[in-house]
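Undergrad: Sequence first, predicted model second:
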Amino acid sequence: MDSTSSDAPEWLTVQEVARHFRVSARTVNRWALSGQLRIRRIG
């Protein structure tokens, strides 16, 4: 199976999400804490 399969989730950092939505990293963290955004902590 190819590791670049479209079934694989795309992982983004907090900073990447913030840049995409043009908000602060703090806002992204609030979204995650409120359940509006699904997150996975790695590491």
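TA: Arrived safely. Residues are numbered from 1 along each chain as shown.

Undergrad: From here on, just use CA atoms for contacts and neighbour counts.
TA: Fine.

Undergrad: mind showing which ranges of the protein have poor pLDDT?
TA: Scanning the chain for pLDDT under 70 picks out 1-6.

Undergrad: and the gap between Ala25 and Ala8?
TA: To Ala8, Ala25 is 25 Å away according to Cα to Cα, to the nearest Å.

Undergrad: So for these two, which residue has more residues nearby?
TA: Ala25 (16 against 9; other Cα atoms under 10 Å).

Undergrad: All the helices of the chain, in order from the start?
TA: 14-21, 25-34 (DSSP state H).

Undergrad: So for Ile42, which of those sits nearest?
TA: Of all the helices of the chain, it is helix 14-21 that lies closest to Ile42, at 11.9 Å by Cα to Cα.

Undergrad: Quick one, which of the helices of the chain gets closest to Arg40.
TA: In terms of Cα to Cα, the element of the helices of the chain nearest to Arg40 is helix 25-34, at 9.7 Å.

Undergrad: helices or strands up against that closest one?
TA: Judged by 3 or more Cα pairs under 8 Å, 6 or more residues apart in numbering; DSSP states H and E, helix 25-34 is in contact with helix 14-21.

Undergrad: got the helices of the chain as TSV, with distance to Gly43 columns?
TA: Listed next are the helices of the chain as TSV, based on distance: least, Cα to Cα, whole Å:
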stretch	distance to Gly43
helix 14-21	14
helix 25-34	17
